[in-house]
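Asks: could you look at this predicted model? Sequence included:
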Amino acid sequence: MCLPLAAISQTANEEEPLDRPKLVVGIVVDQMRQEYFYKFHDRFVEGGFKRLMEEGFMMKNGHYNYIPTYTGPGHASVYTGATPSTHGIIANDWYVRKLGRTVYCAEDSTVNAVGGSEQAGHISPRNMLTTTITDELQFATNKRSKVVGIAIKDRGAALPAGHLGDAYWYDGKTGEFMNSTYYGETLPDWVIAFNKRELPEKYLGQTWETLYPINSYIQSVADDNEFESPPIGKEAPVFPYELSELMENNGGLGMISGTPFGNTLTLDLAYAALAGEQLGKRGETDFLAVSFSSTDYVGHAFGPSSIELEDTYLRLDQELAAFFAYLDREIGEGEYLVFLSADHGVADVVRYMQDERVPAGSLNTRFILTQLKGYTNERYGEGDWIENFSNEQLFLNHSLIREKKLDLIAMQEDIAEFLLRFDGIKETYTANDMRHREYTLGRKSLLQMGYNHKASGDVLIINDAAWLTDSTRGTTHGTGYTYDTHVPIVFYGWHIQPGSSSRYATVTDIAPTLAMLLHTRLPNGATGQPISEILDR
Ligand SMILES: [Zn+2]
């Protein structure tokens, strides 16, 4: 049946616009374990982390599904829904054979600083090979949406903002937020005005004392101990930290990164971005991607059992509560969509675990490389057979191997076997294994999800659980063990019903879930799946 013309146009006019939230706020907490929701629960205020737990939908068994669990790959994976094998951000820094040097995940020599200092400005998302959910939102709205990425770390801002969005990061040298010519020739007025407030100077003029009386921090080990790494110029890792005195020998204005006030400063800029860009108030869906870097710096120096870390989370919790209350007022409760995750977890400090009689240790790479040099020289003749060792991967000298007409694959196998004799090395795999086999179980499958055919090494090492590489005080992350992989995946707000699930989910499911909620395409390399518990209720 044919409708009269008038009826057709009326139908079109009355059509409801596509249902989308006013604003999406993506939060990545750098180095946050899922465990922290519970460990610090009793001291969280109403309205912060607890609001996400109680009023949001939480995937309680959310994991990273690749190795290595570092910041660059983490942010790229959350936003692309892919793993490093596809999006190409295979580490924070990695060795590039043809350049004969290490490259940084967000480096871009073709762009220059805008604001800040020149060295901090050669940054863009170009090394990330696939689209982000933020890119897809821009394509879905023909770029009427605005995307703003904010973090202390450049990679924590530039990768989430994607190829089409705007990103701002902190320059520890000048104390300013900045970006690069990738994004334009000048900073927006609101960023310039923000920098003029000189907040880093103000925050570093204070003393970092615990938020509550120090003896009430019963979830952490004693303040003075041998596990933590104090700032330069301070004998013991104990409160209070006189920041104005310590900053001179600890990176100047860059020292704010290693204090909870780096998170405060990040949120200060988020408020300025919301107001300056009128995010969520323009009749289009906007996206604010915030990454809190300071939790990572504090975590590295003091470890997950420290009062310093607990205090950093209690402060972030209060600041998030104020932030959500602000969004309620400005955007409207239920009108904005939030997700929170982390770029990786963290290992416990080795000596702390050893003191508690849990098997743990530290690999001495210098010792291993010396032994390996002796072995390869004896077996293959004098030569620099090992070109690079980084990110638990060995790069062999391919040109020397070709010149001597040796069999590369046999040599990979031989060295992989040799490395198994060292305490703390659990499994080794060769590039040939990664290319020609398909692993579906265990940590070797995680290794494969992080393996890039062009850029990864010849021999790949998996340490025993709780074994770090060259660790003294403090700690790190990067493995496929649960302490590094188990992170928050929680959605809250617009169209999200409260609830939780203990089903295994991965961080690469976040972007596909957002694509369903926002009615966009899936990011082009996405391998994760939409979380049906959240969507189909
Ligand atoms: Zn880290």
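Replies: Arrived safely. Residues are numbered from 1 along each chain as shown.
Asks: just the strands in the stretch 351-500 of the chain please.
Replies: Along the stretch 351-500 of the chain, counting by DSSP state E, counting those that start in this stretch, strands occupy 361-363, 386-390, 393-396, 425-430, 459-463, 467-469, 489-493, 499-506.
Asks: present these as TSV; the columns should include mean neighbour count.
Replies: Every residue, glycine included, has its C-beta placed from N, CA and C. TSV is the format used below for those (neighbours: other C-beta atoms under 10 Å):
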stretch	mean neighbour count
strand 361-363	18
strand 386-390	17
strand 393-396	23
strand 425-430	19
strand 459-463	24
strand 467-469	21
strand 489-493	24
strand 499-506	15
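Asks: which among those is found nearest to Glu228?
Replies: For these, proximity to Glu228 was assessed by C-beta to C-beta; strand 467-469 is nearest, at 14.9 Å.
Asks: that older thread, now render the strands of the stretch 351-500 of the chain as CSV, adding mean pLDDT.
Replies: Shown next, in CSV, are the strands of the stretch 351-500 of the chain (pLDDT from 0 to 100):
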stretch, mean pLDDT
strand 361-363, 95
strand 386-390, 96
strand 393-396, 98
strand 425-430, 97
strand 459-463, 97
strand 467-469, 94
strand 489-493, 98
strand 499-506, 98
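Asks: indicate which one of these is closest to Leu518.
Replies: strand 489-493 (12.0 Å).
Asks: pull the distance from the closest one to the chain's centre.
Replies: In this view, strand 489-493 has its centroid 17 Å away from the chain centroid, taken as C-alpha atoms, centre = their mean, to the nearest Å.
Asks: name the helices or strands packed onto that strand?
Replies: helix 49-55, strand 57-63, strand 336-342 (3 or more C-beta pairs under 8 Å, 6 or more residues apart in numbering; DSSP states H and E).
Asks: listing partners with orientation, what would you give for that strand?
Replies: strand 57-63 (antiparallel), strand 336-342 (antiparallel) (DSSP bridges).
Asks: name the residues that touch that strand?
Replies: Strand 489-493 is contacted by residues 21, 51-53, 55-59, 62, 333-341, 505, 507, 509-510, 513, 531, 534 when judged by C-beta atoms under 8 Å, 6 or more residues apart in numbering.
Asks: among these, name the buried ones.
Replies: 21, 51-53, 55-59, 62, 336-341, 505, 507, 509-510, 513, 531, 534 (16 or more other C-beta atoms under 10 Å).
Asks: that older thread, of all the strands of the stretch 351-500 of the chain, which lies closest to Asp286?
Replies: strand 489-493 (13.9 Å).
Asks: and the angle from that closest one to strand 499-506?
Replies: Angle of strand 489-493 versus strand 499-506, following axes from the mean of the first three to the mean of the last three C-alpha atoms, to 10 degrees, is 140 degrees.
Asks: returning to what we had before: possible to save the helices and strands packed on strand 489-493 as TSV with distance to Asp108 and mean pLDDT?
Replies: TSV is the format used below for those (distance: least, C-beta to C-beta, whole Å; pLDDT from 0 to 100):
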stretch	distance to Asp108	mean pLDDT
helix 49-55	34	98
strand 57-63	31	98
strand 336-342	26	98
